[in-house]
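In: Take a look and give me a structure for this.
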Amino acid sequence: MVSYAPAIRNMDQGRRAVAARFVASRVLIYGALLLWAFICLFPIYWTITTSFKSAVDVTQGHLVPWVDFQPDWKGWRSLGLSPDTIFQTSTVRSEFLARFENSVINSVGAALLALVLGSLAAYGLSRFRYKFGFMRNDDILFFFISQLILPPVVLALPFLVLYKALALLDTDIGLILIYTLSVLPIVIWIMRDQFDSIPVELDEAALVDGLSVWGVFMRIIVPLALPGMVAAFILSLVLCWNEYFFAALLTGTDAKTLPVMVASQTGSQGINWWSMAALSAAAIAPLAIIGVLLERYIIKGLTAGAVK
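Out: Alright, predicted model coming up:
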């Protein structure tokens with residue numbers, strides 16, 4: 001009589017080995033993801049907690065509130081944003097609100113302008129065929145993207161001379177224009193992929209039904225490409241919001257933005273870490289809220305065209 005017990009035992013051992021490898025792989029994957037999440041989120045945690053620290057707690061590197069240190073409103077009080085100073089007159093708070101308003105105007109204005117111009121350019125590169133000398137559509141797209149290779153410091157002197165001649169120094173319109181130029185290549189790249197994922201047959205059917213090219217773009221393509229447009233807008237907004245070099249170079253008092261104000265917390269007496277952390281936390285908060293609320297649009301827009 002043939003015994004199947006050894007074969008059954010081998011099968012059980014094989015299943016256990018496979019299960020063990022599966023569990024081990026999952027542990028390693030989730031462990032790596034948790035480590036990466038910790039690395040990414042730690043600067044934000046450090047910034048927020050530092051805004052509630054005193055000078056001694058900052059210098060000694062205390063990290064855990066109510067364990068290593070007792071939270072205090074020192075950083076927020078220095079900005080006039082603590083509960084005990086929020087209803088009092090504060091010149092620092094007035095300056096913060098003015099810089100915050102400048103950042104909103106410049107970032108939103110530049111992101112919207114770049115989205116309009118970039119969407120039109122990307123739609124043209126997606127639906128029409130161009131020829132400029134040796135350059136075709138892909139070469140033109142690469143030309144736009146290659147502008148990101150140029151270091152901003154190379155443009156410092158030309159823009160200073162140009163803006164002085166055009167009276168654009170220390171103005172919101174000056175920052176909006178240069179921010180638009182900075183993020184326009186990224187918008188074109190994102191929207192080109194977005195439009196490529198939309199079948200050309202929709203355009204052709206709409207044209208047969210009597211729509212013009214502009215009608216097709218506004219009534220057919222834009223609603224379908226809305227997730228990508230939202231993703232491009234938010235990415236442009238973040239890049240413009242965090243830009244420091246041109247904001248420090250081309251502004252003086254009237255159009256100064258939040259990143260410049262954050263950097264101004266350094267002085268001959270050292271760095272006011274608590275004030276800088278409070279300013280940084282206040283600057284991060286709007287972008288974090290926008291990212292959470294529009295997360296699904298960002299993911300859908302940035303992954304458009306990945307699978308065809």
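
In: what packs against the host helix or strand of Ala32?
Out: Per DSSP states H and E, Ala32 falls inside helix 5-50. Here helix 5-50 touches helix 273-293, going by 3 or more CB pairs under 8 Å, 6 or more residues apart in numbering; DSSP states H and E. C-beta: built from backbone N, CA, C; applies to glycine.

In: all helices of the stretch 51-200 of the chain, in order?
Out: In the stretch 51-200 of the chain, the segments counted as helices under DSSP state H, counting those that start in this stretch are 55-59, 74-78, 91-127, 137-146, 156-165, 172-196, 200-208.

In: and the direction of the helix holding Ala32 versus that of helix 273-293, what angle?
Out: 130 degrees (axes from the mean of the first three to the mean of the last three CA atoms, to 10 degrees).

In: ok, back up a step: of all the helices of the stretch 51-200 of the chain, which one comes closest to Leu258?
Out: helix 91-127 (4.6 Å; CB to CB).

In: May I see the buried residues of the closest one?
Out: Using 16 or more other CB atoms under 10 Å as the test for burial, helix 91-127 gives 92-93, 95-96, 99-100, 102-103, 105-111, 113-115, 118-119, 121-127.

In: and what of stretch 136-152?
Out: So for stretch 136-152, counting by 16+ other CB under 10 Å, buried means 137, 140-141, 144.

In: pLDDT averaged over that stretch - what is it?
Out: Across stretch 136-152, the average pLDDT comes to 86.

In: contacts for it?
Out: 121, 125, 129-130, 132, 135, 182, 184-186, 188-189, 192, 245-246 (CB atoms under 8 Å, 6 or more residues apart in numbering).

In: Pull up the gap between Lys74 and Met276, please.
Out: Going from Lys74 to Met276 by CB to CB, to the nearest Å gives 12 Å.

In: What is the burial count for Phe246?
Out: 22 (other CB atoms under 10 Å).

In: which strands and helices sit next to the host helix or strand of it?
Out: Assigned by DSSP H and E, Phe246 belongs to helix 245-250. Helix 245-250 sits against helix 156-165, helix 172-196, helix 258-263, with contacts defined as 3+ CB pairs under 8 Å, 6+ apart.

In: export those helices to a markdown table and tack on distance to Ala283, mean neighbour count and mean pLDDT?
Out: Converted to a markdown table, the helices and strands packed on helix 245-250 look like this (distance: least, CB to CB, whole Å; neighbours: other CB atoms under 10 Å; pLDDT from 0 to 100):
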| stretch | distance to Ala283 | mean neighbour count | mean pLDDT |
| --- | --- | --- | --- |
| helix 156-165 | 24 | 13 | 92 |
| helix 172-196 | 16 | 22 | 93 |
| helix 258-263 | 5 | 20 | 90 |
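
In: Figure out which of these is closest to Val64.
Out: Judged by CB to CB, the one of the helices and strands packed on helix 245-250 that comes nearest to Val64 is helix 258-263, at 24.9 Å.

In: Low-confidence regions, the stretch 151-300 of the chain specifically.
Out: Applying pLDDT under 70 to the stretch 151-300 of the chain flags the ranges 267-269, 300.
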